[in-house]
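no sequence for this one, just the structure:
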């Protein structure tokens, strides 16, 4: 394991704290259509919307883990660049969402420069050449083959999971796959994330609460800090990083497609505890989303037809409209199967600057 991941080089996850009840699903077993693994996967998608995907024993899975480690090294080098260099590739002048983004933490580093919580979104369509590419740093261009390989491999894993969901939901063959064709324009992207050591702040923690607004998210993190809210409660519990596994969660799109049968759980990121508290935290995220032109509404067929029909005033939006509205703060709220849990009059939203929505 030490040769496959770098977790052993970091301080251990803090002991004595309550952790999230994530089940572990073997990707190797999903690849070969193992029924027990598929059933466990589907149960997790309905009940918590979060689970560990154990990549060990799968050639594809272990390749993804190795590529994640390489990208983690790359992102640490990228974030070392001077702020004025990174800002050239930032929002909103480059793009309102697919760009370098940051928020200042109100404290300065040893060099006197204000510390930043940062992330950088590089969209799948730039990486694969599906569109005219947004300007990016030479470091990114020089490593495009690594990006490309990682995107294609993550999408292969996502496609496997979508196929299991399609079967479990008893939908017509190819229903979900046809909403996520890789060479069509979509909101799929790779995200670099970095946060320096900082004290816990309740206001910031509450502001960071969100659901992902795509279909399936693949997350690699090396330090603690990710928290999920236990369903139907206000309790927050930590997610322990597991070497050789990624954390997978579902997003809003699958909730809407299945009329609430699947779960997109609320989560957030706070500073890690214990020995990890003094370390800079990085994570690597791959977001898979429906094609831009797909309208987010309930599908027809299978188990979805058995779901209650609810009357609501939520407008139908395309995946692209949903992403841009949520990702730029124009559609505030946390979306679950109940709809938006927070509305415009929520006091937390009145003090929120442009959020790093979806940061993990």
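Structure's in. What do you need? All values derive from a computational prediction rather than experimental measurement.

Do a quick rundown of the helices in the stretch 251-360 of the chain.
Along the stretch 251-360 of the chain, the stretches classed as helices by DSSP state H, counting those that start in this stretch are 252-257, 319-327, 347-350.

now those as CSV including mean neighbour count and mean pLDDT?
No exception for glycine: its C-beta is placed from N, CA and C like everyone else's. Below are the helices of the stretch 251-360 of the chain laid out as CSV (neighbours: other C-beta atoms under 10 Å; pLDDT from 0 to 100):
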stretch, mean neighbour count, mean pLDDT
helix 252-257, 25, 94
helix 319-327, 21, 87
helix 347-350, 11, 46
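
I'd like these laid out as CSV, including distance to residue 187.
Below are those laid out as CSV (distance: least, C-beta to C-beta, whole Å):
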stretch, distance to residue 187
helix 252-257, 9
helix 319-327, 4
helix 347-350, 23
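
Go through these and name the closest to residue 39.
For residue 39, the closest of those is helix 252-257, at 17.6 Å, according to C-beta to C-beta.

Could you tell me how far the longest helix along the chain lies from the centre of the chain?
If you go by DSSP state H, the chain has its longest helix at helix 144-168. The chain centre lies 14 Å from the centre of helix 144-168; the measure is C-alpha atoms, centre = their mean, to the nearest Å.

Pull out the buried positions in that helix.
Neighbour counts using 16 or more other C-beta atoms under 10 Å place 144, 147, 150-151, 153-155, 157-166, 168 of helix 144-168 among the buried residues.

Would you mind identifying the next helix or strand past that helix?
Next helix or strand after helix 144-168 toward the C-terminus (DSSP states H and E): strand 189-195.

Which neighbouring elements make contact with that next one?
helix 59-79, strand 114-123, helix 124-128, helix 144-168, strand 281-288 (3 or more C-beta pairs under 8 Å, 6 or more residues apart in numbering; DSSP states H and E).

list the helices and strands the helix or strand following it packs on?
Later in the chain than strand 189-195, the nearest helix or strand by DSSP H and E is helix 202-207. Contacting helix 202-207 under the criterion 3+ C-beta pairs under 8 Å, 6+ apart is no other helix or strand.

how distant is helix 202-207 from the center of its chain?
The chain centroid and the centroid of helix 202-207 are separated by 19 Å under C-alpha atoms, centre = their mean.

strands paired with the helix or strand that it is followed by, and their directions?
Next in sequence after helix 202-207, counting helices and strands by DSSP H and E, comes strand 216-221. Here strand 216-221 is paired, per DSSP bridges, with strand 245-250 (antiparallel), strand 281-288 (antiparallel).

Just put these in JSON lines and tack on mean pLDDT, mean neighbour count and distance to residue 302.
JSON lines is the format used below for the strands paired with strand 216-221 (pLDDT from 0 to 100; neighbours: other C-beta atoms under 10 Å; distance: least, C-beta to C-beta, whole Å):
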{"stretch": "strand 245-250", "mean pLDDT": "98", "mean neighbour count": "25", "distance to residue 302": "17"}
{"stretch": "strand 281-288", "mean pLDDT": "98", "mean neighbour count": "25", "distance to residue 302": "21"}
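
what would the ones you listed look like in TSV with distance to residue 55?
Formatted as TSV, the strands paired with strand 216-221 follow (distance: least, C-beta to C-beta, whole Å):
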stretch	distance to residue 55
strand 245-250	6
strand 281-288	13
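
To residue 129, which of the ones you listed lies closest?
Per C-beta to C-beta, nearest to residue 129 of these: strand 281-288, 17.9 Å.

Verify the stated contact: residue 167 with residue 38.
Yes - counting by C-beta atoms under 8 Å, residue 167 touches residue 38, with 7.3 Å between them.

So residue 286 is in contact with residue 192, correct?
No - applying C-beta under 8 Å, one finds residue 286 not in contact with residue 192, separated by 11.2 Å.

Turn the helices and strands packed on strand 189-195 into a markdown table, including distance to residue 13.
Formatted as a markdown table, the helices and strands packed on strand 189-195 follow (distance: least, C-beta to C-beta, whole Å):
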| stretch | distance to residue 13 |
| --- | --- |
| helix 59-79 | 17 |
| strand 114-123 | 21 |
| helix 124-128 | 31 |
| helix 144-168 | 24 |
| strand 281-288 | 12 |
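
nearest to residue 212, of these?
Nearest of the helices and strands packed on strand 189-195 to residue 212, taken as C-beta to C-beta: strand 281-288 at 6.8 Å.

thinking again about what came up before, I'd like to know which elements the longest helix of the chain is packed against.
Judged by 3+ C-beta pairs under 8 Å, 6+ apart, helix 144-168 is in contact with helix 27-31, helix 35-47, helix 59-79, helix 124-128, strand 189-195, strand 216-221, strand 281-288.

For residue 87, give me its contacts.
Counting by C-beta atoms under 8 Å, 6 or more residues apart in numbering, residue 87 touches residue 100.

quick one, phi psi at it?
phi -60, psi -20 (degrees, to the nearest 10).

From residue 198, how far out is it?
Taking C-beta to C-beta, to the nearest Å as the measure, residue 87 falls 21 Å from residue 198.
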